[in-house]
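A.B. asks: Sequence and predicted structure, then a few things I'm wondering about:
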Amino acid sequence: MTLRLYDSLRRAVCDVDPLQAGRLGLYVCGPTVYGPVHVGNARPFVVAQTLARHLRRQGWEVRVVSNLTDINDKIYAAAAAEGIDSRELAAREAAGYLADTSRLGLGRPDVEPKVTESLPGIIAMTEALIASGHAYVSDGDVYFDVGGFPSYGALSGQRVDEMQPEEVTAKKRAPLDFALWKAQKPGEDAAWDSPWGPGRPGWHIECSAMAMSALGEEIDIHGGGIDLKFPHHENERAQSEAMTGRPLARTWLHNGLLRFGGDKMSKSLGNVERLRDALDRMEPETLLMLFARAHYRSNVDYSPDSLEDAARSNDRLREALRRAARAAADAAPADGGPLAVAAAEADARFRAALDDDFSTPEGLAALFDLVRTLNAALDAGDQDPADAARARAVLVECLDVVGLAGLAAAADGPPAEAVALMEEREAARADRDFARADELRDALRDLGWAVQDLPDGPELAPL
RNA sequence: GGCGACGUGGCCGAGUGGCUAGGCAGCGGCCUGCAAAGCCGUCCACACCGGUUCGAUUCCGGUCGUCGCCUCCA
């Protein structure tokens, strides 16, 4: 099956043509670690990790690289505000980012380079650009000469003559030129040695250098938030391609943004919820469902209602998985039965949907269709355990791609206390003492268990 | 002002030149002592105006609106 993805440069969904057959390298711009990341920062991470999980399941060999920007103006500012060393703050927040995103249960990228550990490559690339005439030194700073890169603007669609200058500096030859190296300024408590004096790398060159060092001069897929398309990715492209003469990325993958209260969730607007706070008050699956039910290129509305919707969808999946587990009764999955056939169809639909511009919403629709078929069969009550086991196994495998396999985790069985109440309620019902039966149902609810009177007897389901 | 994306039923959210998305909610039914869970059926769509077409929600043009970027931003 062919993998297709939307390429922001070509502005179309295109077949992915890997540099090496069967292998894909994926670079995703990570956060600047000057404070705890918010839920929106988790989206490119989730997109990259889930895409990689799908691709690996499809037989690709995937290498995901995602950087941490731990040298930046905002880090100096945040450290100064706290009265601590900027390197200390960056290290703390980098660790925080790793810890927070790990809670999503999607594993880690294969390589997570930090700028502080990538200076030699950044300096070498800057030197090469100076040597080839694409960059120039100006009073301790180094700037990229945008005028020397004719296709500048092709990715973002920005026209050079229409653009407003990014910042007017006497050090620049042209307003659009951007810094590859910035000389240390007064008040900056950390600097790194370079041929141009102490300073720090510009934001854009970091990613170019780290991507190249981990994945080579040309990479299969370069991802990040759509808000990075300009200027960040445009500048990365210019630097890298000016240096190597090769396309930096074969596919530019941009994810949509998380909206919160009508606007983009962003630290500068202040409308943020920290990822760690979100994960303190909801299970990761809720967040993952919120993301998976929307296409990765769409904006996602982060609101109580949409989170509730996602949680309810998960409840439906969880309930179906629980029922299937019960019906499977530890039988080994077997093929050939009607549920196994339906499951195979759903699996094929799921894979095809994700192969077609990673349409997780369509993939989920296939799984929900399987859930309905499964529930109907379970209602009929005559399915083969091994058949139910197969359907459940397929469901779990597909859900695992988007990080939702946890929905299948066997909840602990009801405690003896709850079972006793349920049995007492059955006795009351047999005596047609429904008032007492309802009291006992309420008591069970207080214990966290819902009683379901199924055709073959009562059952306790976790609330 | 420039560039880009998008406007789908009560809400969210896919997709398609003529044929079922899916989830949540509503309504009717089955099951139930009543519920819950589940199943079946069902209401509610493709912003507006033109054009192309036998036929457009789906292609083209325009209008209006929303969002993102043009400055640090996932």
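C.D. replies: Perfect, thanks for sending it. Numbers count the residues shown, from 1 in each chain, chains lettered A, B, ... in the order given.
A.B. asks: CA atoms for contacts and neighbours, from now on please.
C.D. replies: Will do.
A.B. asks: Give me the residue ranges of the stretch 101-250 of chain A where confidence is low.
C.D. replies: A:161-169 (pLDDT under 70).
A.B. asks: OK, now which residue of it is nearest to RNA strand B?
C.D. replies: Of all residues in the stretch 101-250 of chain A, the one sitting closest to RNA strand B is A:Gly225 (2.9 Å; Cα to the nearest atom of the strand).
A.B. asks: In this structure that residue contacts A:Asn255, no?
C.D. replies: Yes: counting by Cα atoms under 8 Å, A:Gly225 does reach A:Asn255; the two are 4.9 Å apart.
A.B. asks: anything in contact with each of these two?
C.D. replies: Jointly contacting A:Gly225 and A:Asn255 under the rule Cα atoms under 8 Å, 6 or more residues apart in numbering are A:Pro44.
A.B. asks: hang on, the earlier thing: got the phi and psi for the residue of the stretch 101-250 of chain A closest to RNA strand B?
C.D. replies: The phi and psi values for A:Gly225, taken as degrees, to the nearest 10, are phi -70, psi 150.
A.B. asks: Would you mind measuring from it to A:Val146?
C.D. replies: Noted for A:Gly225: a distance of 23 Å to A:Val146, by Cα to Cα, to the nearest Å.
A.B. asks: what's the answer for A:Asp347, then?
C.D. replies: 48 Å.
A.B. asks: Kindly report the same for A:Arg87.
C.D. replies: Distance, A:Arg87 to A:Val146, by Cα to Cα: 31 Å.
A.B. asks: So for the two, which residue has more residues nearby?
C.D. replies: A:Val146 (23 against 17; other Cα atoms under 10 Å).
A.B. asks: and the residue of the stretch 101-250 of chain A closest to RNA strand B, how many neighbours?
C.D. replies: Neighbours around A:Gly225, by other Cα under 10 Å: 21.
A.B. asks: Need the residues that contact stretch A:7-15.
C.D. replies: A:2-6, A:154-156, A:251-254, A:357.
A.B. asks: Could you do stretch A:190-208 as well?
C.D. replies: Contacts of stretch A:190-208 (Cα under 8 Å, 6+ apart): A:29, A:67, A:69, A:71-72, A:86-87, A:115, A:118-119, A:122-123, A:126, A:137, A:140-142, A:179-185, A:232-233, A:235-237, A:239-240.
A.B. asks: again, but for stretch A:27-34
C.D. replies: A:37, A:41, A:44-45, A:48, A:64-72, A:74-75, A:78, A:89-90, A:93-94, A:97, A:207, A:211, A:215, A:219, A:221-225.
A.B. asks: Among these, which ones are in strands?
C.D. replies: For these, the ones inside strands are A:64-66, A:219, A:221-225, with DSSP state E as the criterion.
A.B. asks: Now do the contacts for A:Thr50.
C.D. replies: With Cα under 8 Å, 6+ apart, A:Thr50 has these contacts: A:106, A:401-403.
A.B. asks: Sorry, slip of the keys, the one I care about is A:Ala325.
C.D. replies: The contact partners of A:Ala325, by Cα under 8 Å, 6+ apart, come to A:388-389, A:392.
A.B. asks: out of those, who has the most neighbours?
C.D. replies: A:Ala388 (31 neighbours).
A.B. asks: Name the nearest residue to that residue, ignoring sequence neighbours.
C.D. replies: A:Ala328 (5.3 Å; Cα to Cα, 6 or more residues apart in numbering).
A.B. asks: can you count the residues close to that neighbour?
C.D. replies: 21.
A.B. asks: Off-centre distance for the lengthiest helix in chain A?
C.D. replies: As assigned by DSSP state H, the longest helix anywhere in chain A is helix A:304-328. A distance of 21 Å separates the centroid of the chain from that of helix A:304-328, by Cα atoms, centre = their mean, to the nearest Å.
A.B. asks: mean confidence score for the next helix-or-strand element following it?
C.D. replies: Heading C-terminal from helix A:304-328, the first helix or strand you meet, by DSSP states H and E, is helix A:338-355. Regarding helix A:338-355, the rounded mean pLDDT is 94.
A.B. asks: buried ones in whatever helix or strand comes next after helix A:338-355?
C.D. replies: With elements assigned by DSSP H and E, the helix or strand that comes after helix A:338-355 is helix A:360-380. Going by neighbour count (16 or more other Cα atoms under 10 Å), the buried part of helix A:360-380 is A:360-368, A:370-371, A:373-375, A:377-378.
A.B. asks: And stretch A:326-346, by the same measure?
C.D. replies: Across stretch A:326-346, burial judged by 16+ other Cα under 10 Å covers A:327-328, A:333-335, A:337-340, A:342-344, A:346.
A.B. asks: now stretch A:422-438
C.D. replies: Buried residues in stretch A:422-438 (16+ other Cα under 10 Å): A:422, A:425-426, A:428, A:436-437.
A.B. asks: ok, now stretch A:27-37?
C.D. replies: Buried residues in stretch A:27-37, counted by 16+ other Cα under 10 Å: A:27-37.
A.B. asks: CSV please, covering those residues and showing pLDDT.
C.D. replies: What follows is those, written out as CSV (pLDDT from 0 to 100):
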residue, pLDDT
A:Tyr27, 96
A:Val28, 96
A:Cys29, 95
A:Gly30, 94
A:Pro31, 94
A:Thr32, 94
A:Val33, 95
A:Tyr34, 94
A:Gly35, 94
A:Pro36, 95
A:Val37, 94
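A.B. asks: So which of those sit within strands?
C.D. replies: If you go by DSSP E, the buried residues of stretch A:27-37 have A:27-28 in strands.
A.B. asks: Selecting buried members of the contacts of stretch A:7-15 in PyMOL, what would you type?
C.D. replies: Of the contacts of stretch A:7-15, the buried ones go into a single PyMOL selection, burial set by 16+ other Cα under 10 Å:
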select buried, chain A and resi 3+4+5+6+154+155+156+251+252+253+254+357
